[in-house]
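Student: Here is my input; please provide its structure:
(one chain, ligands or ions: 1)
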Amino acid sequence: MASISDFTIIGSGINGLLTARQLVNTGATVTIYEKNQLGQESSWAGGGILLPLYPWRQDHAITELVTHSIKLYPTLNEELLRQTGIDPEWIASGLLITRNPDIQQANAWCQNNDIPYYPGTIEQLAPFHTEPLDPIWLPSVAQARNPRLLKALIYDLKSKNVVFKESNALQEIQISNNRIHSITTSVEKTPVNHLILTTGAWTGDLWEVLFGAINTTSPEIFPVKGQMLLFDAKPDTLTHMILDDDRYLIPRRDGKILAGSTVEKQGFNKKITADAKQQLSSFAINLFPALADFPIINHWAGIRPGTQHGIPYIDKHPEIENLSINAGHFRNGLVMAPASAQLLTDLILGQPTTIDPAPYRL
Ligand SMILES: Cc1cc2nc3c(=O)[nH]c(=O)nc-3n(C[C@H](O)[C@H](O)[C@H](O)COP(=O)(O)OP(=O)(O)OC[C@H]3O[C@@H](n4cnc5c(N)ncnc54)[C@H](O)[C@@H]3O)c2cc1C
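Tutor: Below you'll find the predicted structure:
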């Protein structure tokens, strides 16, 4: 009979995969269940900017995870490239933010968090059609290419004997005396040692299904759709990321340029719309007229795991002894993921944490 993994993780987005990697690196065994295909939801759909939009307007709890994670990314990228041959394309391409009515807070945040910052120059702004207001240039801000990062992580975890169970949705738990004994999925019933939910936007609804009948502390996580476009631009058409009000362009290494994104509260409906395509393409071409020469070759949507203040839940459940959660990263899941995985692993293993865990408690 197959032995039971030390950890059973539900969900194979960036948070499930990095939590698994952190645990496996301590010598633990891990099984990951995924209801669809591996790594195809929000973590695949995102832009991969490794900084929140206007981080100085966000809660300190977000800054903590972000500043920690961005220090971990270069090594993660290097290890994955070396161990898998797949390049997650971590690139410090820099970010130009055109309009900053709160420039003093922006400068102070950068200074306090060791992020180099400079006023955006006339030359830098020349290719763009915008009305700049105290533009700021952040040359060290990096990006990762989401699908490649996920592919590299999956490859790496398979080589470390993590068991993946695809098209296999968690549906029920069997619990007594505040301990989960087994889970029932769409495919099987299996015992568990420690269950970790990294189920992104689905966590709130899933929690209701799993724990609705028992009165227990629960997270509030809701779906927020985001649509993106991809322009088939040539290499070096744009060499850095640009944020103009709430929308952005991200150039990939091969020249392709992402334009994002919408923020829509529409449940789990992932349909792309002509209206969003029109809004995003006119934003992109108006801001950067050079884009008019290139066709749009892709348009997609993802479902972000929304929380009230964008602060994720990273915690061991206070009542159920073998249940943990790492979910609810809203618009900043990629950039917060390495530190989130490290924090949860430290909590589970009873190790001192580098970040104060209090703001992320259930
Ligand atoms: C358009 C868009 C742009 C974004 N841009 C950025 C950005 O530039 N930078 C940034 O940091 N963040 C960005 N984000 C946010 C980021 O993508 C998310 O916060 C992050 O991907 C969440 O990761 P996750 O692993 O928690 O969730 P997901 O990637 O959604 O993974 C959760 C997984 O759990 C699975 N699952 C759910 N329920 C079950 C079940 N019952 N059984 C089995 N499996 C289950 C799902 O199928 C899914 O694969 C963006 C998001 C979108 C949509």
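Student: Residue 302: what secondary structure?
Tutor: Following DSSP: H, G, I helix; E, B strand; the rest coil, residue 302 is assigned to strand.
Student: which residues does it form a beta bridge with?
Tutor: Each beta-bridge partner of residue 302 is listed here: residue 226, as defined by DSSP bridges.
Student: Count the residues that sit near it.
Tutor: When neighbours are counted by other CB atoms under 10 Å, residue 302 registers 25. C-beta here means a position set from N, CA and C on the backbone, and glycine is covered the same way.
Student: Residue 115 reaches residue 139, doesn't it?
Tutor: No. Using CB atoms under 8 Å, residue 115 is not in contact with residue 139; the gap is 9.4 Å.
Student: beta partners for the nearest residue in space to residue 317 that is not next to it in sequence?
Tutor: Once flanking residues are discounted, residue 317 sits nearest to residue 323: 4.1 Å by CB to CB, 6 or more residues apart in numbering. Taking DSSP bridges, one finds residue 195 as the beta-bridge partners of residue 323.
Student: re earlier: please say which of residue 115 and residue 139 ends up with more neighbours.
Tutor: Taking neighbours as other CB under 10 Å, residue 115 and residue 139 compare with residue 115 leading, 19 against 14.
Student: my read: residue 139 touches residue 91, true?
Tutor: No. Counting by CB under 8 Å, residue 139 stays clear of residue 91, with 11.9 Å between them.
Student: list the helices and strands the helix or strand of the chain with the lowest mean pLDDT packs on?
Tutor: Counting by mean pLDDT, DSSP states H and E, the chain has its least confident helix or strand at helix 203-211, which shows a mean of 95. With contacts defined as 3 or more CB pairs under 8 Å, 6 or more residues apart in numbering; DSSP states H and E, the packing partners of helix 203-211 are strand 170-176, strand 195-197.
Student: Packing partners of the shortest one?
Tutor: Using 3+ CB pairs under 8 Å, 6+ apart as the contact criterion, the neighbours of strand 195-197 among helices and strands are strand 7-10, helix 203-211, strand 323-327.
Student: same thing with the first one?
Tutor: Strand 170-176 is packed against strand 179-185, helix 203-211, with contacts defined by 3+ CB pairs under 8 Å, 6+ apart.
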